[in-house]
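>>> Sequence first, then the predicted structure:
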Amino acid sequence: AAACPRGTPVRCGQAIRLTHLGTGRNLHSHHFTSPLSGNQEVSAFGEDGEGDYLDDWTVVCSGTYWAREEEVRFQHTSTEVFLSVTGEQYGRPIHGQKEVHGMATSSQNNYWKVMEGIFMQPSEGFKAEQYHTEL
């Protein structure tokens with residue numbers, strides 16, 4: 001996936017990579033069974049944001065762009081599972097940590113909403129695009 005400049009809105013239906021800032025690893029999935037739920041395993045992969053095609057997730061939302069307050073789903077671009085959490089918890093290494101996995105069907109377990117972070121204003125190019133009208 002190509003890098004995008006800060007402030008670039010994310011389109012519904014766009015493939016993205018989610019990179020953990022602390023480790024530089026990407027959210028990744030493949031055809032392996034997750035240890036607790038028996039769904040599809042989701043893991044961390046790559047170095048400094050570089051990984052492979054199994055790190056690509058499609059943003060599933062309504063409208064044109066992923067809005068700040070909107071719940072979205074992430075569908076794995078290669079295997080088509082939805083990023084999900086159903087409540088299974090690990091005892092070790094981090095007691096109480098929930099298993100995140102991929103599920104074949106869409107449900108309430110695979111809605112995600114941004115709760116914290118730094119929200120960027122849309123880029124100037126995007127603002128101009130919103131107000132462009134054909135003559």
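In hand now; what should we look at? Numbers count the residues shown, from 1 in each chain.
>>> CA only for contacts and neighbour counts going forward, please
Will do.
>>> Quick one: neighbours of residue 12, just the number.
18 (other C-alpha atoms under 10 Å).
>>> Ignore what I typed, I meant residue 30.
Neighbour count of residue 30, defined by other C-alpha under 10 Å: 16.
>>> How much space separates it from residue 77?
Per C-alpha to C-alpha, to the nearest Å, residue 30 is found 11 Å from residue 77.
>>> Give the residues shared as contacts by those two.
Here residue 30 and residue 77 have residue 54 as joint contacts, going by C-alpha atoms under 8 Å, 6 or more residues apart in numbering.
>>> give me the low-pLDDT residue ranges for the protein?
1-2, 123-135 (pLDDT under 70).
>>> swap the cut-off to 50 and go again
131-133, 135 (pLDDT under 50).
>>> contact partners of stretch 37-57?
1, 15-19, 23-35, 74-78, 81, 83, 88, 99-103.
>>> try 7 Å this time
Residues outside stretch 37-57 that contact it (C-alpha atoms under 7 Å, 6 or more residues apart in numbering) are 15-17, 19, 24-34, 74-78, 88, 100-103.
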